[in-house]
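Trainee: Provided below for reference: sequence and predicted model.
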Amino acid sequence: MHIDKSYQEIFVANKKWVEKKNNENPDFFSHLATEQNPDYLYIGCSDSRVHANEIMGLEPGQVFVHRNIANMVVNTDLNALSVINYGVEYLNVKYIIVCGHYNCGGIKAAMQPRDMGILNPWLRNVRDVYRLHEKELDAIENPNDRYNKLVEINVYEQCLNVIKTAEVQKSYLEKGYPRVAGWVYNLNEGVLIDLKIDFEKELNRIRKIYDLTKGK
Ligand code: CO
């Protein structure tokens, strides 16, 4: 069976990779094993075509990664929130990046009003983003343009969800980092697009309702 062959090939490829890395730098693994000191926390989609290190040109040890369907930062998701907490409080990351991508199956599914079984609660979060920006999105006539716009708007909303966390607000107030950035990866060209979200402006804007820097 074809899949068995490629499964076994993974371990062959791994051996080759270890040899290559050791040839380039004999201290590569011993150095990495002692600590991780990444400047970036990347929150992206689970999509197999979007690989954080690869598209950012970063080596192992340089980016802390969390991935899920449609790169969501959900308020009750202990997994994503634990990653943010650890990234900010223990790894002292300087940037938190939410990276969406065009041709995202999760976003596309959320745009179809139909029962997706166990995926419903997760997709609800994307559908809520759609509802929040319904006017702007429905004004776009071309369905593909509307879909791409939701990819971008969803990244923006997830950046806000990161900014709404106490860890990020308190760390930024005390140390001046992390900053939060929103990106979209264009699968067709391999190009990363910075949505240029004004972090300080957004932080100030949400303060009236979401300021968590006081108390506790
Ligand atoms: Co996706």
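Mentor: Received, thanks.

Trainee: Residue 140 contacts residue 152, correct?
Mentor: No - using C-beta atoms under 8 Å as the test, residue 140 is too far from residue 152 to be in contact (11.3 Å). In this view, the C-beta of every residue, glycine as well, is placed from N, C-alpha and C.

Trainee: Which positions within the helix or strand containing residue 84 qualify as buried?
Mentor: Here residue 84, judged by DSSP states H and E, is contained in helix 78-89. Within helix 78-89, the residues that count as buried by 16 or more other C-beta atoms under 10 Å are 80-81, 83-84, 87-88.

Trainee: What of stretch 196-211?
Mentor: Of the residues in stretch 196-211, those buried by neighbour count under the rule 16+ other C-beta under 10 Å are 197, 199, 202-203.

Trainee: Kindly report the same for stretch 131-148.
Mentor: For stretch 131-148, the neighbour count (16+ other C-beta under 10 Å) marks 133, 137, 146-148 as buried.

Trainee: For the ion, state which of the residues you listed is nearest.
Mentor: Using C-beta to the ion, residue 147 is the member of the buried residues of stretch 131-148 that lies nearest the ion, at 11.7 Å.

Trainee: what sits against the closest one?
Mentor: By C-beta atoms under 8 Å, 6 or more residues apart in numbering, the contact list for residue 147 reads 107-108, 111.

Trainee: Could you do residue 39 as well?
Mentor: Shown here is residue 39, whose contacts under the criterion C-beta under 8 Å, 6+ apart are 62-63, 93-95.

Trainee: Which member of those residues is positioned nearest the ion?
Mentor: The ion has its nearest neighbour among these in residue 63, at 18.0 Å by C-beta to the ion.

Trainee: Pretty sure that closest one sits against residue 43.
Mentor: No - using C-beta under 8 Å as the test, residue 63 is too far from residue 43 to be in contact (10.7 Å).

Trainee: before we move on, the earlier item: can you redo the buried residues of helix 78-89 as JSON lines with pLDDT and distance to the ion?
Mentor: Supplementary listing: those in JSON lines, determined by pLDDT from 0 to 100; distance: C-beta to the ion, whole Å:
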{"residue": "80", "pLDDT": "98", "distance to the ion": "15"}
{"residue": "81", "pLDDT": "98", "distance to the ion": "20"}
{"residue": "83", "pLDDT": "98", "distance to the ion": "18"}
{"residue": "84", "pLDDT": "98", "distance to the ion": "20"}
{"residue": "87", "pLDDT": "98", "distance to the ion": "21"}
{"residue": "88", "pLDDT": "98", "distance to the ion": "24"}
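
Trainee: Good, we can wrap up now.
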